[in-house]
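**Q** Give me a 3D structure for the following:
(one chain, ligands or ions: 1)
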Amino acid sequence: MAEGISGSEFTLDSIRKALIRQEDVIVFSLIERARFPMNSALYNPRLDLVPGFSGPLVDFIVKETETVQAKAGRYVNPEENPFFPDNLPPSMIPNYNYSQVLHPGGASININKAIWDIDLICLQALSRRIHYGKFVAEIKFRDAPNDYEPPIRAKDTDALMKLLTDERVEKMVKKRVEKKADVFGQDVNVSNNADSKRYKVDPSVVARLYDEWVIPLTKLVEVEYLIRRLD
Ligand SMILES: O=C(O)C(=O)C[C@]1(C(=O)O)C=C[C@@H](O)C=C1
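**A** The predicted structure is shown next:
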């Protein structure tokens, strides 16, 4: 897999490192996205810019992109989740042997409808990060099956949410992404003018995006995964 999860390095530590690497992509794509705050023609559902296709242009672009990528095998990779999963063509390339670390029920989890509401450019990066919750949940289950089995059998989602939550880690994640937005998003200036610190994207907004969307949705995926884990 792209992030290098194989049976031998499938640990909570390696999964957390993959999440940290993905922060860089997310912060950079937010910085890019901030250059174009609005693009109404792209999102307008009534413009009908493409003959034979009804819906916003953005849907057309993403559907067509996903169709090509599906043929190239993108969605055979358990780390990838399409935004328009209906009627995708099968992969045309020879099967790559992805290590099957997830329980089969994980394949049916796709919460991209909720993610679609956030923003366009960073969607794939955010989707990948949020659905990484499947891998986090699998390793947490493997590390403590006796703790997880009773709430799974009782379908107690609140207890599962409590069990998988690590507030110390969440605080660190939010602090780190805020710092990354600070460092990556400064205008680079050759003159040594300390007053001219300007940001391409407000670092506190990135921390809030993680606080209000990214982490809660990752945890939702973790709970969804665990609830199916003993099926
Ligand atoms: O690192 C973990 O243990 C995770 O489950 C991931 C994550 C996150 O989304 O960053 C989610 C829940 C935990 O409370 C801490 C962090």
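**Q** and the lengthiest helix in the chain, what does it pack onto?
**A** Counting residues, the longest helix found in the chain (DSSP state H) is helix 12-33. In terms of contacts (3 or more Cβ pairs under 8 Å, 6 or more residues apart in numbering; DSSP states H and E), helix 12-33 is packed against helix 123-131, helix 133-143, helix 167-184, helix 203-209. Placement of C-beta: from N, CA and C, glycine included.
**Q** Can you pull out the residues in contact with that helix?
**A** Identification of contacts with helix 12-33 by Cβ atoms under 8 Å, 6 or more residues apart in numbering yields 3-5, 119-122, 125-126, 128-129, 132, 135-136, 139-140, 143, 169, 173, 176-177, 180-181, 184-185, 200-201, 206, 209, 214.
**Q** closest one to A107 among the helices and strands packed on helix 12-33?
**A** helix 133-143 (9.3 Å; Cβ to Cβ).
**Q** now stretch 217-226: mean pLDDT?
**A** Stretch 217-226 shows a mean pLDDT of 98.
**Q** Run through the residues of this structure sitting next to the ligand.
**A** Within the chain, the residues that sit near the ligand (Cβ under 6 Å from any ligand atom) are 16, 19, 136, 164-166, 169-170, 173, 215, 218-219, 222.
**Q** Compare these and tell me which is most surrounded.
**A** When neighbours are counted by other Cβ atoms under 10 Å, E222 leads those with 26 neighbours.
**Q** residues contacting R74?
**A** E66, E80, P82.
**Q** Show me which of these is closest to the ligand.
**A** Here the nearest of the contacts of R74 to the ligand, counting by Cβ to the nearest ligand atom, is E80; it sits at 18.5 Å.
**Q** Now do the same contact list for the closest one.
**A** Residues near E80 by Cβ under 8 Å, 6+ apart: R74, R128.
**Q** for E212, same thing?
**A** Contact criterion Cβ under 8 Å, 6+ apart gives no residues in contact with E212.
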